[in-house]
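*Asks:* okay, sequence plus prediction incoming.
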Amino acid sequence: MLAFPCNQFGAQEPGTDQEILEFATSTYGVTFPMFSKIEVNGDGAADLYKWLRAEAPGEDGSEEIPWNFTKFLVGRDGAVIKRYGPQVTPEEIGAELPEYTG
């Protein structure tokens, strides 16, 4: 799992990269890599998210990210396998992995 903080959703991540990392680790016990804050929607969206959104639109067909914690499963070959909504937990995604890994 990798995290890309974004302040585009209700200004929930207004701090610096270090402040966000400290909050995530002390409050939620985050141990996975966290990258610098980016934008995921709009003209300033990071290229990574432009690509992820295009490869796996939401259930409604929209490419926009509706809220924090939208997740993408990417295969070892770099292909986007599936997009998950914010409410889906990493544990739920983990339970599906055998379906995609054989």
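*Replies:* Perfect, I can see it now. Just so it is clear, the model here is predicted, and its values are computed rather than measured. Residues are numbered from 1 along each chain as shown.

*Asks:* from now on I want contacts and neighbour counts done on CA atoms only, so please keep to that.
*Replies:* OK.

*Asks:* and the residue nearest in space to the middle of the chain, how close does it get to Gly58?
*Replies:* For the chain, the residue sitting closest to the mean C-alpha position, by Cα atoms, centre = their mean, is Lys71 at 4.1 Å. From Lys71 over to Gly58 the distance is 11 Å, taken as Cα to Cα, to the nearest Å.

*Asks:* show me whatever sits in contact with both of these two.
*Replies:* Common neighbours of Lys71 and Gly58, using Cα atoms under 8 Å, 6 or more residues apart in numbering, are Arg83.

*Asks:* ok, back up a step: contacting residues for the nearest residue to the residue nearest to the centre of the chain once chain neighbours are set aside?
*Replies:* Leaving out its chain neighbours, the residue that sits closest to Lys71 by Cα to Cα, 6 or more residues apart in numbering is Tyr84, at 5.0 Å. The contact partners of Tyr84, taken as Cα under 8 Å, 6+ apart, are Thr70, Lys71, Phe72, Leu73.

*Asks:* please repeat the previous calculation with a cut-off of 10 Å.
*Replies:* Tyr84 makes contacts with Ala56, Pro57, Gly58, Glu59, Phe69, Thr70, Lys71, Phe72, Leu73, Pro90, Glu92, Ile93, as judged by Cα atoms under 10 Å, 6 or more residues apart in numbering.

*Asks:* can you say which of those are buried?
*Replies:* The neighbour count (16 or more other Cα atoms under 10 Å) marks Ala56, Pro57, Gly58, Phe69, Lys71, Phe72, Leu73 as buried among the contacts of Tyr84.

*Asks:* shouldn't the fourth one be within a helix?
*Replies:* It refers to Phe69. No - applying DSSP: H, G, I helix; E, B strand; the rest coil, one finds Phe69 to be coil, outside a helix.
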